Each structure stands twice: as C-alpha cells, then as structure tokens.
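Q: Quick one: sequence and predicted model below, then my questions.
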Amino acid sequence: MEIDFMDSQIKGVSTGTTILAVTFNGGVIIGSDSRASIGGYYVSSKTINKLIQVHDRIFCCIAGSLADAQAVTKAAKFQISFHSIQMESPPLVKAAASVLKELCYNNKEELQAGFITAGWDRKKGPQVYTVALGGMLLSQPFTIGGSGSTYIYGYADAKYKPDMSREECLQFATNALALAMGRDNVSGGVAHLVVITEEGVEHVVIPGDKLPKFHDE
Amino acid sequence: MAAYMSAGRSENAFSTHDFVPEWAQEEVSTGTTIMAVEFDGGVVIGADSRTTTGAYIANRVTDKLTPIHDHIFCCRSGSAADTQAVADAVTYQLGFHSIELDEPPLVQTAANLFQQMCYRYREELMAGIIVAGWDKRRGGQVYTVPMGGMIVRQPMSVGGSGSSYIYGFMDSNYKPGMTKEECLHFCTQALALAMERDGSSGGVARLAAITEEGLERRVVLGHQLPKFSNT
C-alpha cells in the first residue's frame, strides 16, 4: 500500500513506467511497457513506444518526463551519428551512453529523465548502461527502471542468471514486465521488447491479453 | 524511482540542538518487511528484525511477530509505539472476549478489533498490521489491516516498506495449496530479497507457523539467508 511520491512531482506528461534491459549469451534484450500518463490519473497514451533506436545496434529506453526524454534522445541521436561518421565505424554502446550522460549531467537542474542504454558492439559485445536522474553512468549485466521497477526488484534478483539463452531471457523480461504492469497503476498497455544481437535487431510486441498471467488473475 | 514508506519524522523544536544526536529526535519506526501466508491447516508468518530511528538501527533483533492469543498473531509495521499500543489493547480485549465466550477466539474477531481501532484513530496512528492465525471454524486465515483501517482477508499478504520490492516475486512464486514447509521456504526467500533491497529492513528473518497443534518459531540468521546477488 506504499504511495509513490516521485511521479506526482514530474512535470506534464510522464512515462510513469517500467523499463528494463538484460544481457544474455550473444545479445541483449531491452523492454518497456507502453503507457504514458498525466499525474497518474489520466492515461494520455496506451501505445507509446519508449524504445528509441539511437543507432543500428543501440537502443535506449526512457523514464521520467516524456518531453525531456524526447529532447535529449533527439540531441543524442544526432551526436552519435556524427561521432560514428567521424570515426568511420559503428559507435560503442558506452559512447552512446556517455553522450546521454553528458546531456543529463550538464542539464541536471532542468531535466527530469533517466535512461537505460543497451546494445551490441564489436569491442565488448552485449552491454547495458544505466543513466540515472542526476547523470550517473553505470554498467550492469541487467537493470530495471521506472516507477514499476520497485515491484520487481525481488523477482529480478531471484530469477536473473548470467549467460541465459535468448528464449530464457525473453521469458524473464516478459514475466518481469507483466508482474510490474500488474502492480503499478502507471505502467500498462502492451509489452515492447527489442532483441539486439550481432546479426540484427528484432522487435517483439506482446499485447496485454497475451501477457503471462499469475495465480490470482 | 523507489517507492518509500513515510517513516514518521516528527519535526522537533530542538532540531538544531547539538547535545542530542539527530537520530534521538526521530520517531522510532518499524520500517519493515512483514508477510503472512495461509496453507491447509494453518498459517506461516514472517518478518525482518530491524527497528530504526532515522538512520540509526535502534534494535537489530526486533520481534515483530506479536502473540495476541494462543493461536493468533499479528505482524507489525509502521510506528513501533503505535503498533505496540494497539496490539496491547487488542490483546486485552480479545482475552476478555475469549473468557466471556468460554472458547478460543476467532481470527476474524481479532482482525476486526484491530480494524476498529486503526480506523477510529486513523489520523493519529501510523500502523500497518497483518493478523494471522488458526481457529476451528475456518482454519488458517490471514487478514490485512493496512494504514487507514481497511480490512480484507487474503490467501497471502505482505506489508511494510520492504514489501514493494517483492510484489513481483510474490505474484510469480505463490501458488495456492502449498505445504507448511513450502510456505516457510517461500517466506524465507521473499524476506531475504526484500531485506537486501530495503534499507529499513534487515537483520534476521523471524518466522512462525501456527497450526491446530500450536506454534513453531524459527529464526534464520543473516549468514544463513538465501543469497541472490548476481555480481
């Protein structure tokens, strides 16, 4: 019955949300719900896509104020393409995450958005980076974020194992999103998942009625 | 990012006083993780053991599983003072009622006594309570009385500040029809996960199983708790 105060302080349309990114053997899965709400009372969009492609094999997902997140990702997308052209090679996931981090840190007073960056690059393979609200950058094997993530910390801690197969990872991410969407009233809609590997990028969308159901549903 | 449970900060006129440390001016709270699960033949209840005043851990081996009657317990979360006072009052009322009736009281009765007090004094109190026990009429039962004074019977319930982190785990792992040992194992895991993520929960995991035969208490020490880190 705990009340989450964070979202009511977020200005305007917010992605009170659940986002996650998980590495597996050979790639990474990034996922989110699809609800955008105003103050937690009105659902302004049931089908918003929070997974933004910033380069061929790098995606980021957004939490916080939608306006801030869109502005930052637009600027980041430009900077990363430019960097990639200059270097004449695909950008590192860490580079993309650092660009987001610089933007968040240097504008920390005005912005209210957090990001998860995930992708694949030739140097380190699949990676996941978190950029928190104030501009901290952290690399982790998997990460969860957004208001709905509180409810799945226990589940994620218990169920994650390193070096999962693609199917196991997909199941883990789907279950985690379904559980969070079941408990957080500002997360919901469909589950968007993107599987990023060396070969390419695959978008999986799971509509609400096809999500896994648990004992009391 | 994280949901938090208000931890009862009473603003003090002496807050700039240098002689008394800041934690001594904070209200004592059982920012906590508590839970209860029904099984066929009884209930299993569990809690962490941390009581905090601000950032100081006033008691690291608290017993938040309080007996109300022979086969009825309550798990306390929120302000330590409030929950102790309410539990004492209900223990008295229930004991008296049981003597009048000349038979053991119902769990539903105990739960309703809690609910009446928590609802009447809802503005003054900060108490989230789970009442669980066994009686002859309905077997094992769990009733949750969160802050505000609502009452609802559930097959399983979690409460306290640490509960937010284990809703997902609880939803995915609970199945109806578990045995007593399965329930104990499930509670131990859930408490361990919550204690690892919630700063206001920690210490040891206290568990109790209540059946017709009586009470069985267990303590799982810190180093014996299941570990889930992935580093």
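A: Happy to help now that I have it. Worth saying up front: this structure is predicted, and the values here are computed from it rather than measured.
Q: Please make it C-alpha for all contacts and neighbour counts, starting now.
A: OK.
Q: so where do the helices sit in chain B?
A: B:80-101, B:107-120, B:167-173, B:180-197 (DSSP state H).
Q: For chain A, find the nearest of those helices.
A: Smallest distance to chain A across those (Cα to the nearest Cα): 4.1 Å, for helix B:167-173.
Q: quick check, the closest one touching chain A?
A: Yes - Helix B:167-173 comes into contact with chain A (Cα under 8 Å from any Cα of the partner chain), by way of B:167, B:168, B:169, B:170, B:171, B:172.
Q: what about chain B, any weak spots by pLDDT?
A: Judged by pLDDT under 70, chain B has its weakly predicted residues at B:1-30, B:230-231.
Q: ok, so what distance separates the residue nearest to the spatial centre of chain B from residue B:208?
A: For chain B, the residue nearest the mean C-alpha position is residue B:75 (2.7 Å; Cα atoms, centre = their mean). As defined by Cα to Cα, to the nearest Å, residue B:75 lies at a distance of 11 Å from residue B:208.
Q: what residue is smack in the middle of chain A?
A: residue A:61 (3.4 Å).
Q: Looks like it contacts residue A:113 (just checking).
A: No - with contacts counted by Cα atoms under 8 Å, residue A:61 stays clear of residue A:113, the gap being 10.4 Å.
Q: State the number of residues packed around residue A:103.
A: By other Cα atoms under 10 Å in any protein chain shown, the residues close to residue A:103 number 16.
Q: How about the secondary structure of it?
A: What DSSP: H, G, I helix; E, B strand; the rest coil gives for residue A:103 is helix.
Q: ok, it - contacts?
A: A:72, A:76, A:135 (Cα atoms under 8 Å, 6 or more residues apart in numbering or on different chains).
Q: Which of the helices or strands spans the second one?
A: It stands for residue A:76. helix A:66-87 (DSSP states H and E).
Q: Which parts of chain B are strands?
A: For chain B, the strands defined by DSSP state E cover B:28-30, B:34-39, B:42-47, B:51-53, B:56-59, B:65-69, B:72-79, B:127-135, B:139-145, B:152-153, B:156-159, B:205-211, B:215-220.
Q: anything in the shortest one near chain A?
A: Yep, that's strand B:152-153 we're talking about. No - using Cα under 8 Å from any Cα, strand B:152-153 never reaches chain A; the gap is at least 12.8 Å.
Q: Adjacent strands (with direction) for that strand?
A: The pairing partners recorded for strand B:152-153 under DSSP bridges are strand B:139-145 (antiparallel).
Q: Check what contacts the strand it pairs with and list those residues.
A: B:36-43, B:107-108, B:111, B:114-115, B:118, B:128-134, B:150-157, B:210-211.
Q: what's downstream of the least confident helix or strand in chain A by mean pLDDT, the next helix or strand?
A: Scoring the helices and strands of chain A by mean pLDDT, DSSP states H and E places strand A:13-15 at the bottom, with a mean of 56. Sequence order places strand A:19-24 as the next helix or strand after strand A:13-15, per DSSP H and E.
Q: Name the nearest residue to residue A:166, ignoring sequence neighbours.
A: residue A:24 (6.4 Å; Cα to Cα, 6 or more residues apart in numbering or on different chains).
Q: My understanding was that the one you found contacts residue A:162; is that so?
A: Yes - between residue A:24 and residue A:162 there is a contact under Cα under 8 Å: 6.8 Å.
Q: quick one: which of those two has more around it?
A: Neighbours around residue A:24 and residue A:162, counted as other Cα under 10 Å, are more numerous at residue A:24. The numbers are 23 against 14.
Q: Okay, that one and chain B: tell me how far apart.
A: 13 Å (Cα to the nearest Cα, to the nearest Å).
Q: is that residue in a bridge, and if so with what?
A: Beta-bridge partners of residue A:24, counted by DSSP bridges, are residue A:27.
Q: give me every residue that touches it.
A: Residues in contact with residue A:24 (Cα under 8 Å, 6+ apart) are A:126, A:162, A:163, A:164, A:165, A:166, A:169.
Q: in its sheet, what does the strand or helix carrying residue A:64 sit against?
A: Element membership of residue A:64, judged by DSSP H and E, is strand A:58-65. With DSSP bridges as the test, strand A:58-65 is paired with strand A:13-15 (antiparallel), strand A:51-55 (antiparallel), strand A:113-121 (antiparallel).
Q: which of the ones you listed has the lowest average pLDDT?
A: Note on these: strand A:13-15 shows the lowest mean pLDDT, a mean of 56.
Q: can you count the residues close to residue 109?
A: Just so you know, I chose chain A. That count, for residue A:109 with other Cα under 10 Å as the rule, works out to 9.
Q: Chain B was what I was after
A: 12.
Q: Okay, it and residue B:72: tell me how far apart.
A: 10 Å.
Q: what does the helix holding residue A:76 rub up against?
A: So helix A:66-87 is contacted by A:13-15, A:52, A:54-55, A:62-63, A:90-91, A:95-96, A:99-100, A:103-104, A:111-114 (Cα under 8 Å, 6+ apart).
Q: now it, how far from the centre of its chain.
A: Centroid separation for helix A:66-87 versus its chain: 16 Å, with Cα atoms, centre = their mean, to the nearest Å.
Q: List the buried residues of that helix.
A: A:66-69, A:72-73, A:76-77, A:79-81, A:83-84 (16 or more other Cα atoms under 10 Å in any protein chain shown).
Q: mind saving the C-alpha coords of that helix as PDB?
A: Output in PDB follows, covering the C-alpha atoms of helix A:66-87 (Å, rounded to 0.1, in the frame of the first residue of the first chain):
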ATOM      1  CA  LEU A  66       8.400  12.400 -21.800                       C
ATOM      2  CA  ALA A  67       9.200  15.900 -23.200                       C
ATOM      3  CA  ASP A  68      12.600  15.900 -21.600                       C
ATOM      4  CA  ALA A  69      13.400  12.400 -22.700                       C
ATOM      5  CA  GLN A  70      12.400  13.100 -26.300                       C
ATOM      6  CA  ALA A  71      14.500  16.200 -26.500                       C
ATOM      7  CA  VAL A  72      17.500  14.500 -25.000                       C
ATOM      8  CA  THR A  73      17.300  11.500 -27.300                       C
ATOM      9  CA  LYS A  74      16.900  13.600 -30.300                       C
ATOM     10  CA  ALA A  75      20.100  15.500 -29.500                       C
ATOM     11  CA  ALA A  76      21.900  12.300 -28.500                       C
ATOM     12  CA  LYS A  77      20.900  10.600 -31.800                       C
ATOM     13  CA  PHE A  78      22.400  13.400 -33.800                       C
ATOM     14  CA  GLN A  79      25.600  13.400 -31.800                       C
ATOM     15  CA  ILE A  80      26.000   9.700 -32.000                       C
ATOM     16  CA  SER A  81      25.500   9.600 -35.800                       C
ATOM     17  CA  PHE A  82      28.000  12.400 -36.200                       C
ATOM     18  CA  HIS A  83      30.500  10.600 -34.000                       C
ATOM     19  CA  SER A  84      30.000   7.400 -35.900                       C
ATOM     20  CA  ILE A  85      30.600   9.100 -39.300                       C
ATOM     21  CA  GLN A  86      33.800  10.800 -37.900                       C
ATOM     22  CA  MET A  87      35.200   7.500 -36.600                       C
END
